[in-house]
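1. no FASTA, just this:
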């Protein structure tokens, strides 16, 4: 029972984090490698704010989301958009975006490492005290419940937005064929900025909640999470909303089981192994449609 | 000169290692294979050669040779398995491969020393030996950029379909890329252990991939000269600017971002465009414009006729547009 609760909570964090990545990758075709650093930096900004005043969890979440959205918007505006505008073909743009993302991530990581001297940092200066509910043999904190509820509802909202709204339709059109979408009068640049900002806000939210759940995180934890989210996305299929949730909870379940059975040093191998296996056996993922070549 | 060399020996060693590691990512990239498997092979080889010296009493050269052959084989096998993937997916699989190696060595028990790693690999391997080996690696990479082989490699990268219609066995070239990447990564890893005498899991993780990638992105992705340039800059910059101290990750990050936006072909690419601009500016109407060995239109050069024909004019035009 306790394992199940832990797995669901961990899966919710993965879902929140991977949702943002999947949103940009599946629609505007940007695999943002600084997503992990943005996640960490949002939490880090909240940590810096806490040095001045004890804020409540709600305010911290808001702050983290704003920080994440602003950073992500900036990355798109300063790095990715110029790369896309300058590159001649899609293949090289993809790789330049990957490299640009890694570079941006290094900058954010360097700042956080400098301030914290590479030590873990936490949000325990917050005015919100987390309460723990005991229930049978299991226990769960209110923050964990909040994380699960928020993750699942945001997942539903984003899925609904993509499927039902006009912007969602436009975004999916860009995902299928950016040139034709532009001919149909879709403002690709503007929409890309908005999507990146949403994705960053999701990363920021995940960062604050994850830091609360884990008590403290290291500046490097964003990089590990980035690869786990990548595993979730390819497992489910790029661009599939059902797929990303499936991937997140499956990975969290597998990791939790392994963590309770062994000493935990093999945990990271699951996600890395999954990436290799899925891409070799079924590159379109569990829920992906048959490969649509978008060139 | 000798004194200067001795005071900067550690930097020279660092440059050699970084250079060979960067080549292990650059060589496949020149053939259109975006693979980080070299970094994983670096890890395998570093541990393997350390174990060979510590447990079997191998001489450093025998250990290096064994490790390089092993990692070349690992590269080849990996290439056979993943060769149908392309672009980003290929990059991510090799990324995952590197990180799995990291998890494996942490869980290797006594043999790999867990998270402490292995130490005390003391041999008679010197910086001079290292320089010779690094020079040999660079020479091999340079030879693959010359003449027919070089043109074929460029064709395989720029347009695999055209290359295969011209009778080039594209998949064989890609397998060679994986094998070479494994061997180069292996050489870098084995040399590191022989010189530094220790190896630990933290030396072979995410940072290694970032280091190799930064070097070639900053230096240039298309030529061994770019890798040399990048390796020298990245290794020597922190000591040249001692005031930046712990900010060097930040400086690397800024450099990577700037290079990825403005210099997709690195500083060496910038230098080449500068030279070409200057030559054109002089308006020296050479009868048959010598094609720079780094021109992007390798395939058109392959496909089109000799200089002076309409083909050459088309290439000129193409460069003008750029």
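-> Arrived safely, thanks for sending. Since the model is a prediction, treat every value here as computed from it, not as a measurement.
2. identify all contacting residues around stretch B:257-265.
-> A:79, A:82-83, A:86-87, A:92, A:96-97, A:99-100, A:103-104, A:107, B:217-218, B:220-222, B:226, B:266-267, B:269-270, B:272 (CB atoms under 8 Å, 6 or more residues apart in numbering or on different chains). Any C-beta I mention is one placed from the backbone N, CA and C, and that applies to glycine too.
3. what does stretch B:37-44 give?
-> Contacts for stretch B:37-44 (CB under 8 Å, 6+ apart): B:21, B:24-25, B:28, B:67, B:70-71, B:74-75, B:78, B:94, B:97-98, B:100-102, B:105, B:178, B:181-186, B:188-189, B:192, B:204, B:208-209, B:212.
4. returning to what we had before: show me just the buried residues among the contacts of stretch B:257-265.
-> Among the contacts of stretch B:257-265, the ones that count as buried by 16 or more other CB atoms under 10 Å in any protein chain shown are A:79, A:82-83, A:87, A:92, A:96-97, A:99-100, A:103-104, A:107, B:217-218, B:220-222, B:226, B:266-267, B:269, B:272.
5. ok, which stretches of the stretch 1-150 of chain A are helices?
-> Using DSSP state H, counting those that start in this stretch, the helices of the stretch 1-150 of chain A run over residues A:2-26, A:35-50, A:57-75, A:81-86, A:90-116, A:142-164.
6. could you give the angle of the first one to helix A:142-164?
-> What that stands for is helix A:2-26. Interaxial angle, helix A:2-26 versus helix A:142-164 (axes from the mean of the first three to the mean of the last three CA atoms, to 10 degrees): 30 degrees.
7. run the chain-centre distance for helix A:2-26.
-> 8 Å (CA atoms, centre = their mean, to the nearest Å).
8. model confidence over it, on average?
-> Helix A:2-26 shows a mean pLDDT of 91.
9. that one vs helix A:35-50, what angle?
-> With the same axes, to 10 degrees defining the directions, helix A:2-26 sits at 110 degrees from helix A:35-50.
10. in helix A:2-26, what's buried?
-> Those would be A:5-26, for helix A:2-26 by 16+ other CB under 10 Å.
11. and the strands in the stretch 101-250 of chain A?
-> Secondary structure of the stretch 101-250 of chain A (DSSP state E, counting those that start in this stretch): strands located at A:121-122, A:132-135, A:138-141, A:216-217.
12. so which of those gets nearest chain B?
-> Comparing the strands of the stretch 101-250 of chain A against chain B with CB to the nearest CB, the closest turns out to be strand A:216-217 (16.1 Å).
13. about what we covered before: and chain A, which of the contacts of stretch B:37-44 contact it?
-> Filtering the contacts of stretch B:37-44 for neighbours of chain A using CB under 8 Å from any CB of the partner chain leaves B:97, B:100.
14. now intersect the contacts of stretch B:37-44 with the helices, please.
-> Among the contacts of stretch B:37-44, the ones falling in helices (DSSP state H) are B:21, B:24-25, B:28, B:67, B:70-71, B:74-75, B:78, B:94, B:97-98, B:100-102, B:105, B:178, B:181-186, B:188-189, B:192, B:208-209, B:212.
15. give me the phi and psi for residue A:218.
-> Dihedral pair for residue A:218: phi -90, psi 160, per degrees, to the nearest 10.
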